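Participant: Compute the structure for the input listed below.
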Amino acid sequence: MMSLNRYRLKHLSGTGHRGAKRAIRLLKRPDRLIGLILIGNNLVNILASAIATVIAIRLFGDAGIAIATITLTFVILIFAEITPKTIAALRPERVAFPASLILLPLQKLLMPLVLSINWLTNGILRLLGFSPDQAGDDAVSQDELRTIVTESGSMIPSRHRRMLVNILDLEQMTVNDIMAPRNEIYGIDMEAPDEAILQQLKNSEHTRLPIYRGDTNQIEGVFHMRNLSRVLEGGRLNRQILKNETDAPYFIPENTPLNTQLLHFQRQKKRLGMVVDEYGDILGLVALEDILEEIVGEFTSNLVEENEEITRHADGSTTCSGTVTIRDLNRQRKWDLPTDGPKTVSGLALEALEAFPSARTSVRIEGYQLEIEDIAKTHINRIRIWPLDTEAGLLDSSAE
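Facilitator: Okay, the predicted model is just below:
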């Protein structure tokens, strides 16, 4: 009875399983259930002991007391305790549900005796600082739920397990972890000439484009590509219609947890937001699809784009752009680069170096070796990374 899975028990009860319903009724007051079982258990054991002693004395005289004690102890341990209780622990439902047919009416029959014994034992428990009226809390924490999901085995497909764990992990991540940085925002500058804007609209791979004036901090709205035909008149751009078809910008504080932002997107019917810091400056852009990817994994279109930035080599190393996020690289290569600091590979290398390199440089970071291969004036273009358990990664860290 005590080995039953309480969550499965509730599930079976909800489906109308009679045995589960009986077990739940019995387990509502475990003190009464234990009292009932122990009354019967001890009554049978003591009665068996008395009968065995009487028979042994008649057969063997005074030596029968020792013979009865040893024999009965062995019999009870093997056939009444260890074997049946082990079977019950291994197959609790198979034993508990039929047993409830006997225990439930027996509990009603012996209720006066059970209540009397429980009254005495509960009084002792209260003196010891325990409250017998408080049943155990069946609620599970987030970490416990994660363990339940990950150890569910074949009962839940592996892909579904990953999705469930990813949902639990949303609370630990913020929009700052997954946003497209400001310098990668693909938008329309209203101060650009018409030809340049038209070219951007024709070449856009996105359905929603931020509209700004001169600088991304001057966001005026978001344009949906489904309205493209409305802003074109005879192949020319109508700026006034473009402005009228632009939706108001939606701003998101940088430290907003992903689970909270997902709800905000749903409630406000938004799919794109601009991430801002405490001063109101634009830090980047986050879309609803970015959060969904954290749950279900990368979409096909993004995988193609990632493969252009991340290149694997036969020696186990990987070359990538400095703007690649650490989370994307970890996900694609099944690595464990630290994600609690900088968000990009470039930022990770610069944090370890504590200075901007003036030449090709290698540095080791928590089991990985990063070699900066291409440097621009203000940023790192390309980095090559080895896990240190590969032959190439065992080289000493050095600066060239």
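Participant: what stretches of the stretch 251-400 of the chain score poorly on pLDDT?
Facilitator: 298-308, 389-400 (pLDDT under 70).
Participant: what are the ranges of the strands in it?
Facilitator: Taking DSSP state E, counting those that start in this stretch as the criterion, the stretch 251-400 of the chain carries its strands at 251-253, 272-276, 282-287, 310-312, 318-321, 361-365, 368-375, 380-387.
Participant: got the contact list for the fourth one?
Facilitator: The contact list for strand 310-312 (C-beta atoms under 8 Å, 6 or more residues apart in numbering) reads 318-321, 324, 328-329, 332-333. Where you see a C-beta, it was placed from the backbone N, CA and C, and this is true even at glycine.
Participant: For that strand, list every residue counted as buried.
Facilitator: Buried residues in strand 310-312, counted by 16 or more other C-beta atoms under 10 Å: Ile310.
Participant: Tell me the gap between it and the middle of its chain.
Facilitator: Relative to its parent chain, strand 310-312 has a centroid offset of 28 Å by C-alpha atoms, centre = their mean, to the nearest Å.
Participant: Name the strands paired with it and say parallel or antiparallel.
Facilitator: In the sheet, strand 310-312 lines up against strand 318-321 (antiparallel) (DSSP bridges).
Participant: Residues contacting the partner strand, please?
Facilitator: 309-313, 329, 333, 345, 373, 381-385.
Participant: Just send the strands of the stretch 251-400 of the chain back as JSON lines, with distance to Ser3 too.
Facilitator: Shown next, in JSON lines, are these (distance: least, C-beta to C-beta, whole Å):
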{"stretch": "strand 251-253", "distance to Ser3": "48"}
{"stretch": "strand 272-276", "distance to Ser3": "49"}
{"stretch": "strand 282-287", "distance to Ser3": "47"}
{"stretch": "strand 310-312", "distance to Ser3": "49"}
{"stretch": "strand 318-321", "distance to Ser3": "48"}
{"stretch": "strand 361-365", "distance to Ser3": "47"}
{"stretch": "strand 368-375", "distance to Ser3": "45"}
{"stretch": "strand 380-387", "distance to Ser3": "44"}
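Participant: And these: which comes nearest Ile39?
Facilitator: Ranking those by proximity to Ile39 (C-beta to C-beta) places strand 251-253 first, at 62.1 Å.
Participant: Could you single out the nearest of the contacts of strand 310-312 to Lys269?
Facilitator: Nearest to Lys269 among the contacts of strand 310-312, with distances taken as C-beta to C-beta, is Asp328, at 27.9 Å.
Participant: Pull the number of nearby residues for the closest one.
Facilitator: By other C-beta atoms under 10 Å, 20 other residues sit near Asp328.
Participant: From Glu294, how far out is it?
Facilitator: Going from Asp328 to Glu294 by C-beta to C-beta, to the nearest Å gives 11 Å.
Participant: Then Ile82?
Facilitator: On the measure of C-beta to C-beta, Ile82 and Glu294 end up 50 Å apart.
Participant: Enumerate every residue touching the residue lying closest to Arg226 once chain neighbours are set aside.
Facilitator: Closest residue to Arg226 apart from its sequence neighbours, by C-beta to C-beta, 6 or more residues apart in numbering: Thr207 at 7.3 Å. Each residue near Thr207 by C-beta under 8 Å, 6+ apart is listed here: 224-226.
Participant: Need the residue closest to the centroid of this protein.
Facilitator: Nearest to the geometric centre of the chain sits Val165, at 2.6 Å (C-alpha atoms, centre = their mean).
Participant: Can you point out the helix or strand that includes Ser3?
Facilitator: If you go by DSSP states H and E, Ser3 is not part of any helix or strand.
Participant: One more: Gln200?
Facilitator: Using DSSP H and E, Gln200 sits within helix 194-203.
Participant: List of residues touching that helix?
Facilitator: 186, 188-190, 192, 209, 225, 228, 236-237, 239.
Participant: what number of residues lie near Arg333?
Facilitator: Neighbours of Arg333 using other C-beta under 10 Å come to 16.
Participant: roughly how far apart are it and Glu373?
Facilitator: According to C-beta to C-beta, Arg333 stands 17 Å off from Glu373.
Participant: Ok, Asn176 next?
Facilitator: Relative to Glu373, and taking C-beta to C-beta, Asn176 is found at 27 Å.
Participant: higher neighbour count, these two?
Facilitator: Each of Asn176 and Glu373 has its neighbours counted (other C-beta under 10 Å); Asn176 has more, 19 against 15.
Participant: list the contacts for that one?
Facilitator: Neighbour list for Asn176: 254-255, 275, 283-284, 343 [criterion: C-beta under 8 Å, 6+ apart].
Participant: can you put the residues you listed in a markdown table and add neighbour count and distance to Arg146?
Facilitator: As requested, the contacts of Asn176 are arranged in a markdown table below (neighbours: other C-beta atoms under 10 Å; distance: C-beta to C-beta, whole Å):
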| residue | neighbour count | distance to Arg146 |
| --- | --- | --- |
| Glu254 | 17 | 26 |
| Asn255 | 11 | 23 |
| Val275 | 25 | 27 |
| Leu283 | 19 | 30 |
| Gly284 | 22 | 29 |
| Lys343 | 19 | 24 |
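Participant: Out of these, which comes closest to Gly61?
Facilitator: Asn255 (85.3 Å).
Participant: That closest one is in contact with Thr174, isn't it?
Facilitator: Yes - counting by C-beta atoms under 8 Å, Asn255 does reach Thr174; the two are 5.1 Å apart.
Participant: Show me what the top helix by length along the chain is packed against.
Facilitator: Longest helix of the chain, by residue count under DSSP state H: helix 30-60. For helix 30-60, the packing partners by 3 or more C-beta pairs under 8 Å, 6 or more residues apart in numbering; DSSP states H and E come out as helix 64-75, helix 92-109, helix 111-127.
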